[in-house]
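*Asks:* The following block contains a protein sequence and its predicted model.
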Number of protein chains: 2
Amino acid sequence: MTVKDRFYSYIQELQDAITEKLEQVDGKASFKQDIWQRAEGGGGRTRIIENGNVFEKGGVNISAVHGELPKSMQQYFEVDEADFFACGLSLVLHPKNPFVPTVHANWRYFEMYDKQGNIVDQWFGGGQDLTPYYLFDEDAKHFHTVCKNACDKHHSSFYATYKKRCDDYFWNSHRNEARGIGGLFFDYCKADDNMDMEAWYAFVTEVGNSFLKSYVPLVEKRKDAEFGPEHRDWQEIRRGRYVEFNLVHDKGTLFGLRTNGRIESILMSLPPHVQWRYDHSPKPGSQEQRLVSVLKEPQEWV
Amino acid sequence: MTVKDRFYSYIQELQDAITEKLEQVDGKASFKQDIWQRAEGGGGRTRIIENGNVFEKGGVNISAVHGELPKSMQQYFEVDEADFFACGLSLVLHPKNPFVPTVHANWRYFEMYDKQGNIVDQWFGGGQDLTPYYLFDEDAKHFHTVCKNACDKHHSSFYATYKKRCDDYFWNSHRNEARGIGGLFFDYCKADDNMDMEAWYAFVTEVGNSFLKSYVPLVEKRKDAEFGPEHRDWQEIRRGRYVEFNLVHDKGTLFGLRTNGRIESILMSLPPHVQWRYDHSPKPGSQEQRLVSVLKEPQEWV
């Protein structure tokens, strides 16, 4: 099987594994599935969970699209007319309990073809990152340790490199703070002297396979923590920053909106209940203040 | 006095008149004022109302900034290095009651200078538009009639032209629907054979002076209407579309975020409580459905 076929099978299976586990963790809600077609070629399988015991809103979506590279993507990749294939899994989970962090992950594969249908370029991309509302150092360490262990099996420099890229990417520049406490972000992972496409495939699937291990223990540990309306307010205000990042800065989101992607699948990333207050800032010395100060200066966790 | 000095005095007085009247309408909350300075020159006077009887959140802000034209603005205006002056009043009001519409308005004046400080270009811009959550035709007619009357005193074609531009501008292209039911939008209003800067000044201030007349009667009529959680949910979901427009499409907002504007003054436009649900659509035949169908095909109201 080609890398393309194997990776597409892989994300289908991974979607099943992740949604099955998350339903079990939630104990109440189940994922609703929508199959959609893209007029220009391909489509996707969107799975959404809402109003669960644990997950207030979330999506675990896969898609595989192909056809002529849209004009906006030509500019983006700095290429002329070409055909393309892209597939990937994207997930965002917004828990109800403010002590459980939001998580985002995406693993994707891309191919470009010449007029004869030969592959002229191919690469993997992806990553996963955590957005807590209350910062527990042990949780941040756990998440990053799982990310690092997955990386270390493939290259000793990957964790440091992709951790840094994650901090750089998920940066709300207009707020001068990170969206969350990071994780991994990699893109344009192409065959070179050290890593052929097989090696990249092994790396990306290793990271994908590590997702449940990185996140579920944090959910299990915090999902029954008691919280009051003040914790919930803070969560909703911070979710506003999440919206700001996704709508103002996130390339994937803007890309989808500009290339006639399926809006409801793209915007599943937006949190269910959100607040914006004028000039809100947490009390000095509070837990909330500590989170903000860490977001302003990304740290090393392992 | 120069046009610049007169217009700046005008927006200061208009801010006073508008905030005074809105406080009176609200009956509970008053505007909190923040004076801010811009490092590169100028500053502003931000006035915010929150948690009122009528207004859940709103801002009526003025600013006057000057200095070297930022690089991003050079590209935007397609000019080389230049000095500039810009001043304006921006307001957004998010009422608590879902039957009272949100309103936005902005009136502004811009000057550009050569190295010797001579004015090389100058123009007015602005407009006002209404975003209802429940559509009352008589309210839409009232708002547009006040807009049209203000326009008609200055040019018989202005209302038709600027009403159309408003519909075109406040278009959530990724949703294929308007943000609201429109109003007026004009920009680059420069001296020509028909209108000198004095005539434009008279027009823009006429529109500004008509604001309270266009909006306050709608607030008075609807502010005590009974509503339930289902109306409130719908309002919060539609506010999500407002956020999407402002963060994805609104040039003023993106401009501010990219030119190191005062974030809290720019983002005062975002609603206080917002919801995103997956693939939500109103029931066929409902009031909510009717609003959406009108937003998909902007109408003539007068």
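*Replies:* Thanks, I have the structure now. Numbers count the residues shown, from 1 in each chain, chains lettered A, B, ... in the order given.
*Asks:* so what's A:Trp171 up against?
*Replies:* A:Glu177, A:Ala178, A:Arg179, A:His249 (Cβ atoms under 8 Å, 6 or more residues apart in numbering or on different chains). In this view, the C-beta of every residue, glycine as well, is placed from N, C-alpha and C.
*Asks:* hmm, try it at 7 Å
*Replies:* Listed by Cβ atoms under 7 Å, 6 or more residues apart in numbering or on different chains, the contact partners of A:Trp171 are A:Ala178.
*Asks:* now the strands: where do they sit in the stretch 1-150 of chain A?
*Replies:* A:32-37, A:42-50, A:55-68, A:83-95, A:102-113, A:119-131 (DSSP state E, counting those that start in this stretch).
*Asks:* Ok, which of the ones you listed comes nearest B:Asn149?
*Replies:* Set against B:Asn149 and scored by Cβ to Cβ, those come closest in strand A:55-68, at 45.4 Å.
*Asks:* Partner strands of that closest one, with direction?
*Replies:* strand A:42-50 (antiparallel), strand A:83-95 (antiparallel) (DSSP bridges).
*Asks:* mind putting those in a markdown table, mean neighbour count and mean pLDDT included?
*Replies:* Listed next are the strands paired with strand A:55-68 as a markdown table, based on neighbours: other Cβ atoms under 10 Å in any protein chain shown; pLDDT from 0 to 100:
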| stretch | mean neighbour count | mean pLDDT |
| --- | --- | --- |
| strand A:42-50 | 21 | 97 |
| strand A:83-95 | 22 | 96 |
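*Asks:* now these in TSV, with distance to B:Asp279?
*Replies:* Output for these, formatted as TSV (distance: least, Cβ to Cβ, whole Å):
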stretch	distance to B:Asp279
strand A:42-50	8
strand A:83-95	15
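*Asks:* Out of the ones you listed, flag the one nearest B:Met197.
*Replies:* strand A:83-95 (50.6 Å).
*Asks:* Next, the angle from the closest one to strand A:102-113.
*Replies:* If you take axes from the mean of the first three to the mean of the last three Cα atoms, to 10 degrees, strand A:83-95 sits at 180 degrees to strand A:102-113.
*Asks:* Please compute how far strand A:83-95 lies from its chain's middle.
*Replies:* Mean-position distance between strand A:83-95 and its chain equals 8 Å (Cα atoms, centre = their mean, to the nearest Å).
*Asks:* Same question for stretch A:180-187.
*Replies:* Stretch A:180-187 sits 9 Å away from the centroid of its parent chain (Cα atoms, centre = their mean).
*Asks:* Tell me which residues of that stretch come out buried.
*Replies:* For stretch A:180-187, a neighbour-count test (16 or more other Cβ atoms under 10 Å in any protein chain shown) marks A:Gly180, A:Ile181, A:Gly182, A:Gly183, A:Leu184, A:Phe185, A:Phe186 as buried.
*Asks:* Can you show me the helices along the stretch 201-302 of chain A?
*Replies:* Ranges of helices within the stretch 201-302 of chain A are A:229-244, A:251-258, A:263-266, A:287-296, based on DSSP state H, counting those that start in this stretch.
*Asks:* With respect to these, which exhibits the lowest mean confidence?
*Replies:* Ranked by mean pLDDT, these bottom out at helix A:251-258, with a mean of 83.
*Asks:* That helix packs against which elements?
*Replies:* helix A:263-266 (3 or more Cβ pairs under 7 Å, 6 or more residues apart in numbering or on different chains; DSSP states H and E).
*Asks:* Report the buried residues of the helix it packs on.
*Replies:* A:Ile263, A:Glu264, A:Ser265, A:Ile266.
*Asks:* Closest to A:Leu212 out of these?
*Replies:* Distances from A:Leu212 to those, taken by Cβ to Cβ, are shortest for A:Ser265, at 21.7 Å.
*Asks:* residues touching the closest one, list them.
*Replies:* A:Trp36, A:Gly44, A:Thr46, A:Asn61.
*Asks:* and the second one, what are its bridge partners?
*Replies:* Bridge pairing for A:Gly44 (DSSP bridges) gives the partners A:Trp36, A:Ser63.
*Asks:* which residues of chain A score low on pLDDT?
*Replies:* Along chain A, the parts satisfying pLDDT under 70 run over A:259.
*Asks:* Show me which residues of it are close to chain B?
*Replies:* Contacts of chain A with chain B, taken as Cβ under 7 Å from any Cβ of the partner chain, map to A:48, A:50, A:174-175, A:243-244, A:247-248, A:257, A:263-264, A:267-268, A:270-279.
*Asks:* Residue in the stretch 51-200 of chain A with the shortest distance to chain B?
*Replies:* A:His174 (4.2 Å; Cβ to the nearest Cβ).
*Asks:* residues touching that residue, list them.
*Replies:* Going by Cβ under 7 Å, 6+ apart, the list of residues near A:His174 reads A:Val248, B:Leu257, B:Ile263.
*Asks:* I figured the second one hits A:Val248, correct?
*Replies:* Yes - here B:Leu257 lies in contact with A:Val248, judged by Cβ atoms under 7 Å, at a distance of 6.4 Å.
*Asks:* Identify the residues contacting A:Ala191.
*Replies:* A:Met197.
*Asks:* and it, what element?
*Replies:* A:Ala191 is part of no helix or strand, with elements assigned from DSSP states H and E.
*Asks:* coming back round to it: which one of the buried residues of helix A:263-266 sits closest to A:Arg239?
*Replies:* Nearest to A:Arg239 out of these is A:Ile266 (Cβ to Cβ; 17.2 Å).
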